[in-house]
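J.: when you get a sec, could you give me coordinates for this:
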Amino acid sequence: MDCLFCKILKGEIPSKLAYEDERVYAFFDIAPQAPTHILVIPRTHIPSADCIDKENAEAVSAVFAAIPKIARAQGLGDGYRVITNVGENGCQSVKHLHFHILGGAKLPENMGV
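T.: Numbering: from 1, shown residues only. Alright, predicted model coming up:
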């Protein structure tokens, strides 16, 4: 598998850690779109949100349980945005399910990544 995020999980590509546990890994985006821009991924390879099913739903649930912890640790008490992109038309650049946490300032209403 030639997945960029799987290589990050294996330590083959460096990343700046924001959070990790046994099911979730979160790291700072290298091209941030907001003052705080963190990518949150399941350790299980799931190609996109379109591929979530009952077999991998627990991995996705672990990601969503981690997101508020990550946001609090980053001081995003005034709010933040969580975004995922799906497929080519949704501008998904890495085919490993990931969620963007964006915050640290008032975000434009039409902002997406």
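J.: kindly export the longest strand seen in the chain (C-alpha atoms) in PDB.
T.: Secondary structure of the chain read by DSSP state E shows that its longest strand is strand 36-42. Listed in PDB are the C-alpha atoms of strand 36-42, where the atom choice follows Å, rounded to 0.1, in the frame of the first residue of the first chain:
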ATOM      1  CA  THR A  36      -4.600  25.600  14.300                       C
ATOM      2  CA  HIS A  37      -4.900  22.900  11.600                       C
ATOM      3  CA  ILE A  38      -4.700  19.300  12.700                       C
ATOM      4  CA  LEU A  39      -5.300  16.100  10.800                       C
ATOM      5  CA  VAL A  40      -6.900  13.300  12.800                       C
ATOM      6  CA  ILE A  41      -6.700   9.700  11.300                       C
ATOM      7  CA  PRO A  42      -7.700   6.300  12.400                       C
END
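J.: whichever helix or strand comes after that strand to strand 36-42, inter-axis angle?
T.: Stepping forward along the backbone from strand 36-42, the first helix or strand reached (DSSP states H and E) is helix 57-73. With axes from the mean of the first three to the mean of the last three CA atoms, to 10 degrees defining the directions, helix 57-73 sits at 160 degrees from strand 36-42.
J.: alright, calling it a day.
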